[in-house]
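>>> Generate coordinates for the sequence data below:
(2 chains)
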Protein chains: 2
Amino acid sequence: MPQEALVQTEDLGLLVDLYELTMIQAYWAENMNDTATFSLFFRTLPQGRNYMLACGQQHVAQLVTQLRFGAEQIGKLRGLGLFDDDFLEWLAGFRFSGDIHAVQEGTPLFPQEPLLEIEAPLIEAQLLESLLMNYVHLETVLASKATRLVNAAQGRGVVDFGMRRMHGIDAAVRGVRAYRIAGLAGTSNVLGAVTHGLSAQGTMAHSYIQAHDDEEEALIAFARRYPGTTLLVDTYDTISAVKGLIARMARDPDLNIGAIRLDSGDLEQLAKTCRQLLDDAGHQNIKIIVSGGLNEHSIRELVVNGAPIDGFGVGTSLGASSDAPSLELAYKLTEYAGEPRLKHSPGKHSLPGRKQIYREQREDGSYRCDHLTLRDEQAPGTALLQPIVLQGEFQDANLASLDAARERSLDAISRLPPELRSLVEARPYNVTISDKLEARRRLAQSRLGLPDN
Amino acid sequence: MPQEALVQTEDLGLLVDLYELTMIQAYWAENMNDTATFSLFFRTLPQGRNYMLACGQQHVAQLVTQLRFGAEQIGKLRGLGLFDDDFLEWLAGFRFSGDIHAVQEGTPLFPQEPLLEIEAPLIEAQLLESLLMNYVHLETVLASKATRLVNAAQGRGVVDFGMRRMHGIDAAVRGVRAYRIAGLAGTSNVLGAVTHGLSAQGTMAHSYIQAHDDEEEALIAFARRYPGTTLLVDTYDTISAVKGLIARMARDPDLNIGAIRLDSGDLEQLAKTCRQLLDDAGHQNIKIIVSGGLNEHSIRELVVNGAPIDGFGVGTSLGASSDAPSLELAYKLTEYAGEPRLKHSPGKHSLPGRKQIYREQREDGSYRCDHLTLRDEQAPGTALLQPIVLQGEFQDANLASLDAARERSLDAISRLPPELRSLVEARPYNVTISDKLEARRRLAQSRLGLPDN
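Residues are numbered from 1 along each chain as shown, chains lettered A, B, ... in the order given. Predicted coordinates:
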């Protein structure tokens, strides 16, 4: 394989922005290494979104506890000409020694709520900034897109066809896990499926039909080879293709076709016509799958209009979360050496100190509101931030299976106020800030001689 | 490292959509393995774009020629329960034996123009679909975003701060190369820089200031440690911070500050005020760098309004190409066994056969138009599709250094009609279809009994 084809595991420690290294060398030289708390959160939701689905914390916990700088990597850093030998020697012995508290993967979150908080010696916590953000950002962005598709499909299966549009190999593999947690029914991505213990799904491409001289013969050959498969019927003329299949099935009762796939044209009308043709011929059991430029809005429209569709294949809009490919995730120092810390920039407020999120339920189990508090406060509801790394040790007990994470996520989403599951911006979910947290914010402001805002 | 942290090189062959494998097993069983031509192109430009910058072909060529299926990977495929032993045995011996013609990386392209064409036995060409698309899609999307930032900055340097928003590790490393080809001045991403032989750039984070008890002492300590560095001055109050630095420099002439960075607030006004303060104190040499939610439009506005800014750091909008994170790249069978092939779906036309792009220049060297022809035709201009893989062998002679690719790309962009370098949609560049290619399209249509359209 080409040298640049893939990132090597040993190089992961170099996946930093340069300033992390120059800053921590300065800290190291200044002996500034008291305990710091960094909080990972977002200040606002992407347009049209009502919640984000936190994901990626598990990979981060594993990554952080296993991150090392080998001799080769130290050599590469030495080559930058910026770092002292003493500092590089320290880096060669790096082991993460801090704690990470995180919400469980698949938890719906709202602005200002930490996806995770890290408490560690300042140098360690600062070193991890970009790597940790890259990991959580990707998985949270993709899971949060997938949950919209699932909500729009109202119980019909949504399958990921997006691998070719995903941003690189790493996204293509980790994305499949994030999609699964968010409730997607399946994926066509073989490596993604195999890596995460899922089964891969698939149909056929137009090229299969085109390569054959006769469409019908191509479809029949494929169905004989893969009984129960899905046949793509829109290469030339959808209705003729379906009529042809029906005629063949009449002559050959052993033909086993699981579904047809429509990939172009007026999907609603075609689905209705094909359903009618199939039903009239007694093929109620043959499903109809649609694909082709779908997103949550077109899926919703098809569902609302009663198109007889059993499943959706989604590619482009899913693969890079086309309407919101980025989340303004912030990784902010909120406490250092026991003192609250704040940044003061117009429009960019943050909350100081170590925090906790309590999620309060109504009697029927639906979510009433969240309470954002200091870590050691009590408030009504369930505490969402739980330790996943303690003193540098990954807490295996909190490791969830993919199935469990998915189940928990779907359960949580079902408890949200229903309007938050719609595709349009709803009234924001209520997140209260505790008096103590607010008082701490004011204290931090005044300590810095800043105006209250 | 966690098992799932990174994709292993050996697993790359599994990065397929399932249908590729089921289709090629069918081809294999049917003995359908004549030479096929697949064309990789896009039908339309993303909204507001006037060209795409082709990128990723070099990685594809290296990847394709080195792709193998090891025993472990074959075992994983066997586990899917879909594949015969004979077929898996064939796959274990897979070596790409075909040709790939591609445009050079950094070439501006227009709809219907192939980024690359692959001629190979049908089974091989079909197997590579998704992997090849994933590679080219990512690099083309990122290079095409970067070229807009470069165009908007009109000669001022644009530095990539986007690693934390990029979709995973692979994107973060390959992206740096694509950005470089497109003309970005630098990157803060250490692994990306080291991998591609570039120097990394960086400043400091707000957390560095916050962790210290005094902003000015923090800045001075950093400047002493890293002479010529860039200091972030907006953590609390930009103007006070700059005035403080100027006062310190007056007392300590050895202080060497290379630049200040503004990351929030009214960047144009702040830049003007800071420039004035610095100039009045005789610090004309201290540069002003800005960052914070920038995109090509805000960069253009700052440039047009004459803000005294020397460089831009861009993160979020660049990292996932936020306005156009996906390109509707198509990988279509255009010829099989010497016969032209076409798909006929509403709104999705393609051109049959093996093609060539000729780019014609005016006398002053600017680009006049392109001619899309059959591969063996002649037309005015330079033939853009050149062999990068022949009979399965990577053509090293066509391997360009990153510097050469960048230079060639910047040269090509400078030859485009100027309106195509603007940020708004311009009159489309003229791409003619040769008579022979058009005739071949009609022939393919009529051969399929399809209406002409």
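
>>> Residue A:318 - nearest residue in space that isn't next to it in sequence?
Once flanking residues are discounted, residue A:318 sits nearest to residue A:162: 4.2 Å by C-beta to C-beta, 6 or more residues apart in numbering or on different chains. Placement of C-beta: from N, CA and C, glycine included.

>>> And for the one you found, the neighbour number?
Applying other C-beta atoms under 10 Å in any protein chain shown, we find 32 residues neighbouring residue A:162.

>>> what about chain A, any weak spots by pLDDT?
A:1-5, A:344-348, A:449-453 (pLDDT under 70).

>>> mind giving me the domain ranges of it?
Annotated domains of chain A cover A:9-141+A:330-354+A:384-434, A:203-290 [automatic domain parsing].

>>> got a markdown table for the ones you listed, with distance to chain B and mean neighbour count too?
Listed next are the domains of chain A as a markdown table, based on distance: least, C-beta to the nearest C-beta, whole Å; neighbours: other C-beta atoms under 10 Å in any protein chain shown:
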| stretch | distance to chain B | mean neighbour count |
| --- | --- | --- |
| domain A:9-141+A:330-354+A:384-434 | 3 | 20 |
| domain A:203-290 | 4 | 19 |
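
>>> Pipe those domains into TSV and attach distance to residue B:211 per row.
Formatted as TSV, these follow (distance: least, C-beta to C-beta, whole Å):
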stretch	distance to residue B:211
domain A:9-141+A:330-354+A:384-434	5
domain A:203-290	54
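
>>> Indicate which one of the ones you listed is closest to residue B:261.
Distance to residue B:261, taken as C-beta to C-beta, is lowest for domain A:9-141+A:330-354+A:384-434 among the domains of chain A, at 10.1 Å.

>>> Give me the distance between the two termini of that closest one.
42 Å (C-alpha to C-alpha, to the nearest Å).

>>> if I pick the most far-flung residue of chain A relative to its centre, what's in contact with it?
Seen from the C-alpha centroid of chain A, the residue lying at the greatest distance (C-alpha atoms, centre = their mean) is residue A:251, 47.4 Å away. Applying C-beta atoms under 8 Å, 6 or more residues apart in numbering or on different chains to residue A:251 gives no contacts.

>>> Same question for residue A:302.
A:267, A:268, A:271, A:290, A:309, A:312.

>>> looking at it, the first one is touching residue A:303, isn't it?
So that's residue A:267. No: Residue A:267 lies out of contact with residue A:303 (C-beta atoms under 8 Å); the separation is 11.5 Å.

>>> joint contacts of these two?
Common neighbours of residue A:267 and residue A:303 (C-beta under 8 Å, 6+ apart) are residue A:309.

>>> Identify the farthest-apart pair in the contacts of residue A:302.
Checking these with C-beta to C-beta, the most distant pair is A:268 and A:312, at 12.5 Å.

>>> re earlier: okay, the contacts of residue A:302 in TSV with secondary structure next?
Converted to TSV, those look like this (DSSP: H, G, I helix; E, B strand; the rest coil):
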residue	secondary structure
A:267	helix
A:268	helix
A:271	helix
A:290	strand
A:309	coil
A:312	strand
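
>>> Doesn't residue A:117 belong to a strand?
Yes: assessed by three-state DSSP, residue A:117 belongs to a strand.

>>> give the contact list for it.
A:37, A:38, A:39, A:40, A:100, A:101, A:102, A:334, A:354, A:355, A:375, A:385.

>>> Next: residue A:104.
Residue A:104 neighbours (C-beta under 8 Å, 6+ apart): A:54, A:57, A:384, A:386, A:398, A:400, A:405, A:408.

>>> Tell me which entries of those residues lie within strands.
A:54, A:386 (DSSP state E).

>>> which among the contacts of residue A:104 gets closest to residue A:295?
Among the contacts of residue A:104, and counting by C-beta to C-beta, the member closest to residue A:295 is residue A:54, at 22.5 Å.

>>> could you pull out the helices for the stretch 151-300 of chain A?
A:168-182, A:190-195, A:206-211, A:215-225, A:238-251, A:267-280, A:296-304 (DSSP state H, counting those that start in this stretch).

>>> Regarding residue A:330, what is its secondary structure?
Strictly by three-state DSSP, residue A:330 counts as strand.

>>> show me the contacts for it.
Applying C-beta under 8 Å, 6+ apart, the residues near residue A:330 are A:39, A:40, A:41, A:42, A:43, A:348, A:350.

>>> related to what we said a few turns ago, among the contacts of residue A:302, which one lies nearest to residue A:198?
Out of the contacts of residue A:302, the member with the shortest distance to residue A:198 (by C-beta to C-beta) is residue A:312, at 17.5 Å.

>>> Pretty sure that closest one sits against residue A:290.
Yes: taking C-beta under 8 Å as the definition, residue A:312 is a contact partner of residue A:290 at 6.0 Å.

>>> quick one on the thing from earlier: for the contacts of residue A:117, which one is nearest residue B:221?
Residue B:221 has its nearest neighbour among the contacts of residue A:117 in residue A:38, at 20.9 Å by C-beta to C-beta.

>>> check contacts around the closest one.
A:117, A:118, A:125, A:126, A:129, A:331, A:332, A:333, A:334, B:207.
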